[in-house]
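1. The following comprises the amino acid sequence and a computationally predicted model.
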Amino acid sequence: MPEATQALPPAAPPRAFTPYQRFATGVLTMLQFSVILDFMIMSPLGAMIMPALSMTTQQFGLVVSAYAFSAGAAGLLTAGFADRFDRKKLLLFFYGGFLLGTLWCGLATSFESLLAARIVTGLFGGVIGSIVMAIAADLFEPALRGRVMGLLQGGFAASQVLGLPFGLYLATHGDWHAPFLALVAFGIVGGGLIAWRMKPVNAHLALQTDRSAFAHLLHTVAQRRHLHAFAITALLTTGGFMIMPFASAFSVRNVGIDLEHLPIVYLITGISTMFVAPLVGRLTDRLGALPVFLTGSAITIAMVAIYTRLGPSSLTTLIVINVIMFAGIFSRMVPWQVVVSGIPAPEQRGAFTAVNAALQQLAGGLAALVSGHIVTIGADGRLAHFPWVGNVLIVTTLIVCVLLWQLQKNAKPQTPR
């Protein structure tokens, strides 16, 4: 039976992580760092890649969405098999393919070659997140998952604090290819640690009852509660992918921030997020996912409305707005990861997380593609219609709040494993 998310504070403080759980959290966070940075770096590099490869906003939107579409397709194709293998071996296979795709990005010299490289990277990288979440749910009891998800989402923050500024430094002092090549070198270290120290993650294999991969996939997606969760994931992703691809170009062209100062924005925002994400995880374990999620949604709506309508402003103003906005975003992401990790049964966890990640990528790819046609570059060089994509995020956030409330309302309390 699926595990219920705790709606009330635990009666006693949760136990501390074991040494191996600390290692597993650290190495999984390293993977999250590299995979997230590979995707996130495309946004700030957009201001360099578009002129370097003579790309239009539509072509750049296609490059961003190509990763998402291929990642979504890979997730759907592998979902039926996701619970039939040791999750460690599955993780190493897809991580290896991801590093090869990233290397190709670092060698691309045209729009066509970069597009192909992003497709290959997405085919492998898009599945990694779902495997990481399945492993985290296998290794940690429900009462600890808020802390774990907060730390894993800290990989996102670390990619901003360490990865994005360093990547932008390499790009501005060398070439936009350099961040991808550096990421490959870092990724080899993370993959080596997994191969060397991580134990097999295969307890779910003894619970399998479906004879075919197709039957396993069908049984996973046919459950109403699973479909409810998939809808929330898709809507949560849509708004973010509408804004993300053009955030750096908007900061430079509309807000008036110098390209050299852009790393400062990501650095300070990331540092703040490194503190916010674990704090949100602890609050989720203590207060419950729904109150934290609703609070984060309110902050997100307010700040997105301000950010997407921002005109020429100081660097300080942009930083403050980004810090508060990302605090709201992570106050949605972390509690939702806690909720979604407890929805599937252990024997369906791999397939569920694969489908969930696939829908996330497909929704994000479609959103990025549509955003590339909504947002245009005006005669004055500024991005036009950017507030429209902000409105999409606001509407989807409101819908998700209702859907999550319904999901939590219909949850049946169960005793944690």
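-> That came in fine, so what should we check first? Residues are numbered from 1 along each chain as shown.

2. Toward the C-terminus, what is the element adjacent to the helix or strand of the chain with the lowest mean pLDDT?
-> Using mean pLDDT, DSSP states H and E, helix 145-158 stands out as the lowest-scoring helix or strand of the chain, at a mean of 72. Sequence-wise, the next helix or strand downstream of helix 145-158 (DSSP states H and E) is helix 164-173.

3. what does the average pLDDT come to for that following helix?
-> In this model, helix 164-173 has an average pLDDT of 75.

4. Which neighbouring elements make contact with whichever helix or strand comes after it?
-> Downstream of helix 164-173, the first helix or strand assigned by DSSP H and E is helix 178-197. Secondary-structure packing of helix 178-197 (3 or more C-beta pairs under 8 Å, 6 or more residues apart in numbering; DSSP states H and E): helix 19-40, helix 87-107, helix 164-173. The C-beta positions use only the backbone N, C-alpha and C, and glycine is treated the same way.

5. which helices and strands does the second one pack with?
-> Counting by 3+ C-beta pairs under 8 Å, 6+ apart, the packing neighbours recorded for helix 87-107 are helix 19-40, helix 111-139, helix 178-197.

6. can we see that at 10 Å?
-> Here helix 87-107 touches helix 19-40, helix 57-79, helix 111-139, helix 178-197, helix 349-374, going by 3 or more C-beta pairs under 10 Å, 6 or more residues apart in numbering; DSSP states H and E.

7. where does this structure dip in pLDDT?
-> 1-16, 154-164, 206-213, 216, 411-417 (pLDDT under 70).

8. Which residue is the nearest non-sequential neighbour of L53?
-> F111 (5.1 Å; C-beta to C-beta, 6 or more residues apart in numbering).

9. List the contacts of the one you found.
-> 49-50, 53-56, 59-60, 62-63 (C-beta atoms under 10 Å, 6 or more residues apart in numbering).

10. and if you look at W176?
-> 41, 44-49, 52-53, 105-106, 108, 114, 167-168, 170 are the contacts of W176 under C-beta under 10 Å, 6+ apart.

11. Apply 6 Å and report the result again.
-> 45, 48-49 (C-beta atoms under 6 Å, 6 or more residues apart in numbering).

12. Need the nearest residue in space to it, chain neighbours excluded.
-> Per C-beta to C-beta, 6+ apart, closest to W176 is M48, 4.7 Å.

13. Tell me the secondary structure at that neighbour.
-> helix (DSSP: H, G, I helix; E, B strand; the rest coil).

14. how deep is it tucked in, by neighbour count?
-> Around M48 there are 16 other residues, counting by other C-beta atoms under 10 Å.

15. next one: D258
-> For D258, using other C-beta under 10 Å, the count is 10.

16. What helix or strand is the closest residue to it other than its chain neighbours located in?
-> Leaving aside its chain neighbours, D258 sits nearest to V252 (7.6 Å; criterion: C-beta to C-beta, 6+ apart). Element membership of V252 [criterion: DSSP H and E] is helix 247-253.

17. Buried residues in the helix or strand following that helix, which are they?
-> Following helix 247-253 in sequence order, the next helix or strand is helix 262-287 (DSSP H and E). Neighbour-count burial for helix 262-287 flags 262-274, 276-278, 280-281, 283-285, 287 (criterion: 16 or more other C-beta atoms under 10 Å).

18. Next: stretch 190-203.
-> Buried residues in stretch 190-203, counted by 16+ other C-beta under 10 Å: 190-191, 194, 198, 201.

19. from memory L359 sits against F230, does it?
-> Yes. The pair L359 / F230 is scored as a contact, 5.2 Å apart, by C-beta atoms under 6 Å.

20. ok, back up a step: now do the residue nearest to W176 against L115, distance only.
-> 17 Å (C-beta to C-beta, to the nearest Å).

21. Kindly report the same for I194.
-> Taking C-beta to C-beta, one finds I194 at 29 Å from L115.

22. Same check on T29?
-> T29 is 30 Å from L115, by C-beta to C-beta.

23. Against which helices or strands is the helix holding V252 packed?
-> Counting contacts by 3 or more C-beta pairs under 6 Å, 6 or more residues apart in numbering; DSSP states H and E, helix 247-253 packs against helix 42-52.

24. Now with 7 Å, please.
-> Counting contacts by 3 or more C-beta pairs under 7 Å, 6 or more residues apart in numbering; DSSP states H and E, helix 247-253 packs against helix 42-52, helix 262-287, strand 383-384.

25. I135: which of these is closest?
-> helix 262-287 (16.9 Å; C-beta to C-beta).

26. The closest one to helix 42-52, inter-axis angle?
-> On the basis of axes from the mean of the first three to the mean of the last three C-alpha atoms, to 10 degrees, helix 262-287 is oriented at 160 degrees to helix 42-52.
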